[in-house]
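Peer 1: coordinates only, sequence not included:
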């Protein structure tokens, strides 16, 4: 997203009429700020609370290609497993690898966007409601801008749908992803 991460002073912007429902992206567009900044502020304020919202944030932050903010959704001792990539338990290394992949994609194809859609979400609770296992299919189409460099565009492959399972644990009153 090419929008500035600096918020416009509300006194300069004036009042904004909000619809009854809107997405985080729509709110960011209305305010003229980056989606990741909106999500970061919502996380800080505790507005997001449920597991479904946490999973939605997890996907939205991947769309924003912001692994630093996504890390706030994770437990410090999270275990990450990915097909063909093995298992990682060291968060800093894992996040650097994921962020480097996103940064490479953005450099290769400026203006590239992804849109996460989760389908058939199933959540089961364990341990007196302190542990949850969420399973779903994740679709992440990559949209290239019309003026994408030919070389970069040809190297981008659409990812196939992925079966995703997250293990979440309620720690100190907040849900955190402990295994993904």
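Peer 2: That came through fine. Note that the structure is a prediction, hence the values are computed from the model and not measured.

Peer 1: outside of the longest helix that the chain contains, which residues touch it?
Peer 2: Across the chain, the longest stretch assigned as helix under DSSP state H is helix 91-108. Contact partners of helix 91-108, identified using Cβ atoms under 8 Å, 6 or more residues apart in numbering, comprise 65, 67-68, 70-71, 74, 76, 78, 80, 88, 112, 142, 149, 152, 155-156. Every C-beta, even on glycine, is put in place using the N, C-alpha and C of the backbone.

Peer 1: Sort out which residues of it are buried, please.
Peer 2: Across helix 91-108, burial judged by 16 or more other Cβ atoms under 10 Å covers 91, 94-95, 98-99, 102, 105.

Peer 1: For the following helix or strand past that helix, which helices and strands make contact with it?
Peer 2: Downstream of helix 91-108, the next assigned helix or strand under DSSP states H and E is strand 113-114. Strand 113-114 is packed against helix 51-63, strand 142-143, with contacts defined by 3 or more Cβ pairs under 8 Å, 6 or more residues apart in numbering; DSSP states H and E.

Peer 1: Just say which of these is most tucked in.
Peer 2: Comparing these by mean neighbour count (mean count of other Cβ atoms under 10 Å), helix 51-63 comes out on top with a mean of 19.

Peer 1: tilt between that helix and helix 91-108?
Peer 2: On the basis of axes from the mean of the first three to the mean of the last three Cα atoms, to 10 degrees, helix 51-63 is oriented at 50 degrees to helix 91-108.

Peer 1: for helix 51-63, what is the average pLDDT?
Peer 2: Mean per-residue pLDDT for helix 51-63: 89.

Peer 1: next helix or strand past it?
Peer 2: Using DSSP H and E, the helix or strand that follows helix 51-63 in sequence is helix 67-70.

Peer 1: Give me the buried positions along that following helix.
Peer 2: Across helix 67-70, burial judged by 16+ other Cβ under 10 Å covers 67, 69-70.

Peer 1: just curious, which of those residues is nearest to residue 29?
Peer 2: Ranked by distance to residue 29 (Cβ to Cβ), these are led by residue 69 at 18.1 Å.

Peer 1: quick one: the closest one and residue 39 touch, right?
Peer 2: Yes - contact criterion Cβ atoms under 8 Å: residue 69 and residue 39 qualify, at 6.1 Å.

Peer 1: got any residues that touch both of those two?
Peer 2: In contact with both residue 69 and residue 39: residue 61, using Cβ under 8 Å, 6+ apart.

Peer 1: Ignoring the adjacent residues along the chain, who's closest to residue 121?
Peer 2: residue 136 (4.2 Å; Cβ to Cβ, 6 or more residues apart in numbering).
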